[in-house]
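> Fold the following.
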Amino acid sequence: MLHLIPRPLHIAALRTAHSIRSLWWHATSGTVTGCRVLVIDPDDRVLLIRHSYGSRRWMMPGGGIKRGEDVLVAAQREVREEVALTLVPLVDVDFSIEPLGAGRNHIHLVAGWTDKAPVPDGREIAEARFFAVADLPDDLARQLQGRIPDWVKAAKAARRAAA
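Numbers count the residues shown, from 1 in each chain. This is a model prediction of the structure:
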């Protein structure tokens, strides 16, 4: 249904909603549960995205987990919505708790593999690209800095263990 809204209007609405949501997070002390998805291609490069709103720094795809939704199902849904990819296999890699304003962000790190190119939705996701782990962009989201190489190793180990 949202695809019926003209793209510039939809992006403006996303930016407004993100600003309101950020204010809410900073004013309340609730807990948000989400997933961050480490998408790996056959060359062991990782997928990073830039949103059309917020900081516009490079980050991994992901988003909120709906009440009662399985973590792996949520990760697959987010990646499909944001960059039109289906990941096989998917493995649960890590869990962390990060500050989110006055509250907490419970984050499940999920990894998945693809041999396809990402197709950003052009609304929420402005850009999507694979990067070599040794050549990550300088404007990487703070939460990811210095962590991606270890996550790739952990993802590969989790994949081997699940096989």
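
> contacts and neighbour counts: CA atoms only from here.
Noted.

> In terms of helices and strands, where is Pro149?
Using DSSP states H and E, Pro149 maps to helix 148-162.

> quick check, distance from that helix to the centre of its chain.
Offset of helix 148-162 from its chain centre (CA atoms, centre = their mean, to the nearest Å): 17 Å.

> what does that helix rub up against?
Residues outside helix 148-162 that contact it (CA atoms under 8 Å, 6 or more residues apart in numbering): Leu38, Pro89, Leu90, Val91, Asp92, Val93, Val110, Ala111, Val133.

> any idea which of those residues is closest to Arg50?
Leu38 (14.4 Å; CA to CA).

> Now do the contacts for Asp138.
By CA under 8 Å, 6+ apart, no residues touch Asp138.

> same question but for Thr33, I mixed them up
By CA under 8 Å, 6+ apart, the contact set of Thr33 is Gly64, Ile65, Asn105, His106, Ile107, His108.

> Dump those residues to a markdown table, plus neighbour count, distance to Glu78 and pLDDT.
Below are those laid out as a markdown table (neighbours: other CA atoms under 10 Å; distance: CA to CA, whole Å; pLDDT from 0 to 100):
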| residue | neighbour count | distance to Glu78 | pLDDT |
| --- | --- | --- | --- |
| Gly64 | 18 | 8 | 89 |
| Ile65 | 22 | 9 | 94 |
| Asn105 | 19 | 17 | 75 |
| His106 | 19 | 16 | 89 |
| Ile107 | 21 | 14 | 94 |
| His108 | 22 | 13 | 96 |
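
> Report the two of the residues you listed separated the most.
Pairwise over these, using CA to CA, the maximum falls at Ile65 and Asn105, 11.3 Å.
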